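> next come a sequence and a model predicted from it.
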Amino acid sequence: MRNAPSSILIVDHEQGARSDLADCLMERGYTVATTSPGDEARSLLGRQRFDILLAEVGPDGDAGLDLLRLAKAADPDLAVIMMAAYGSIVNAVECMKLGAVDYLLKPIKPDELCGRLQEILAHQIYPKSAYMDKAYRTGDQFESMIAQSASMQRVFEMIQDVAPMDTTILVTGETGTGKELAAKAIHSNSTRQNGPFVAVNCGAIPENLMESELFGYQKGAFTSAAETKKGRLELAHGGTLFLDEIGEISVRMQVDLLRVLENRAFYRVGGTQPLEANFRVIAATNRDLAAAVKAGRFREDLYYRMNVISLEMPPLRERKEDIPLLAEHFLLRYLHETGKKSIKISRGAMDEMMLHEWPGNVRELRNAVERAVVICKADRIRPEELPFYRPECAEPSFNGSLRQMEIAHITHVLNTHDWNMTRGARVLGIDRSTLYHKVKRYQITKTGA
């Protein structure tokens, strides 16, 4: 099904019908509560949130319609499916007017119902996280880094601990994890917060320009030096110098940088007067600098100078509980920028986000939400508007036994989704433990049945 099982409330006056339907849905991974019409049903809706309500219209229709009105008034986003023993056009029309998403006749066919439930849940609005307001308050302090995960809370605590010191810090982590935001947060919470924050992307500056870019130059230092220019080191005076992608600088420039850190002074290119290196250094890298030292690509003495304190940014795939917060944060940002209004993220889209591995981390998520907002034509973002969404491939025809057909179907789905068991279980409409059991029982392998 999904990472968090969808919850369903069944309201029916027949206990046997309730139990049979509940058993069927629980087998497919749903969380189910059941009750008879009346006060208990109203009480349950009042004290507990459900994703879907399956409610009986009832013999006279009034009780079912009253419950529908109450449910939609309490939670306008609640999906309600009405069930009736006998078809009535008048009742069906009235139910739809009151906000029901479907009107089904008994006896309910489980497979048809589950298909309808998946369709409804995929396009249902994903609820706003209860942590959002708290996360925004935290984000105000940490340069809009939105998070509720334990790993990011440890990052925030470390930022608070090291920010008041003037120590050199090395921020590590994969591309897109927010290393520059962490550096800005350290600066913003430091004693240098009123000074400049000067960022240098070491990987983007050509080697032949790096020296003049960092150190500046005197007028006449070289042919095109028509006037004196301050370098990034000088511009960072009294503040913080952020050296991004520090692992990309040449060995020669590593020597020059080490000299600056040791002597706390530097010269412009062509200059003769020393300038004070009055700035804090924060470096960042997505490389393994210790391995680079062993390979002779990075100076060991500079590495230890940079790595006085190390701050590691966790990848997004290891803190997936932050994805809904971040997605909603970026959604609000891009709605404001594009001038669009009232777009929400559907449950189906959020399920795809939770299943995706995010090799590009938070930057990839930000770009995915921006793209979805731009191309979205309805009131909610659907799975197919996400750049990494893969529609299900058509399955081959099959004429074997039912057991062989099930094995072929499971094998096809798992191969289509690179043997991601969570995604495969969701597509198959079963929970992961059931899928693991079937794979073991049928001895299904990656090479086939």
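Here it is on my side, so go on.

> any idea what residue 7 is bridged to?
When assigned by DSSP bridges, residue 7 has beta-bridge partners residue 31.

> my guess is it contacts residue 53. True?
No. Residue 7 lies out of contact with residue 53 (C-beta atoms under 8 Å); the separation is 10.0 Å. C-beta coordinates here come from the backbone N, C-alpha and C atoms, glycine included.

> neighbour-wise, which of these two wins?
Higher neighbour count among residue 7 and residue 53: residue 53, with 25 against 15, using other C-beta atoms under 10 Å.

> spatially nearest residue to that one (excluding sequence neighbours)?
Of all residues not flanking residue 53 in the chain, residue 80 sits nearest, at 4.6 Å (C-beta to C-beta, 6 or more residues apart in numbering).

> I'd say the one you found and residue 70 touch.
No. With contact defined as C-beta under 8 Å, residue 80 does not count as touching residue 70 (10.5 Å).

> ok, the closest residue to residue 249 other than its chain neighbours - contacts?
Spatial nearest neighbour of residue 249, excluding adjacent residues (C-beta to C-beta, 6+ apart): residue 202 at 4.8 Å. By C-beta atoms under 8 Å, 6 or more residues apart in numbering, the contact set of residue 202 is 210, 243, 244, 245, 246, 247, 248, 249.

> let me see the contact set for the fourth one.
Contact partners of residue 245, counting by C-beta under 8 Å, 6+ apart, are 201, 202, 203, 204, 284, 285, 286.

> before we move on, back to that, which of the contacts of residue 202 fall in helices?
Judged by DSSP state H, helices contain the following of the contacts of residue 202: residue 210.

> go through the contacts of residue 202 and name the one nearest residue 39.
Nearest to residue 39 among those, counting by C-beta to C-beta, is residue 244 at 62.2 Å.

> surely residue 282 touches residue 181?
No. Assessed by C-beta under 8 Å, residue 282 is found out of contact with residue 181, at 11.6 Å.

> dump the C-alpha coordinates for the helix or strand where residue 118 lies into PDB.
Element membership for residue 118, per DSSP states H and E: helix 110-123. Output in PDB follows, covering the C-alpha atoms of helix 110-123 (Å, rounded to 0.1, in the frame of the first residue of the first chain):
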ATOM      1  CA  PRO A 110     -13.700  -6.300  -3.000                       C
ATOM      2  CA  ASP A 111     -11.500  -6.000  -6.100                       C
ATOM      3  CA  GLU A 112     -13.600  -3.200  -7.600                       C
ATOM      4  CA  LEU A 113     -13.700  -1.400  -4.200                       C
ATOM      5  CA  CYS A 114      -9.900  -1.600  -3.700                       C
ATOM      6  CA  GLY A 115      -9.300  -0.300  -7.200                       C
ATOM      7  CA  ARG A 116     -11.600   2.600  -6.500                       C
ATOM      8  CA  LEU A 117      -9.900   3.200  -3.100                       C
ATOM      9  CA  GLN A 118      -6.500   3.400  -4.700                       C
ATOM     10  CA  GLU A 119      -7.700   5.800  -7.300                       C
ATOM     11  CA  ILE A 120      -9.300   8.100  -4.700                       C
ATOM     12  CA  LEU A 121      -6.300   8.000  -2.400                       C
ATOM     13  CA  ALA A 122      -3.900   8.700  -5.200                       C
ATOM     14  CA  HIS A 123      -5.700  12.000  -6.000                       C
END
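
> sorry, back to before: and the contacts of residue 202, which is closest to residue 372?
residue 244 (28.0 Å).

> dump the residue contacts of the closest one.
Listed by C-beta under 8 Å, 6+ apart, the contact set of residue 244 reads 179, 180, 199, 200, 201, 202, 203, 283, 284.

> so which of the residues you listed belong to helices?
Cross-referencing the contacts of residue 244 against helices under DSSP H gives 179, 180.

> tell me which helix or strand in this protein has the weakest average pLDDT.
Least confident helix or strand of the chain, by mean pLDDT, DSSP states H and E, is helix 132-141 with a mean of 55.

> quick revisit: who has more neighbours out of residue 80 and residue 70?
residue 80 (25 against 14).
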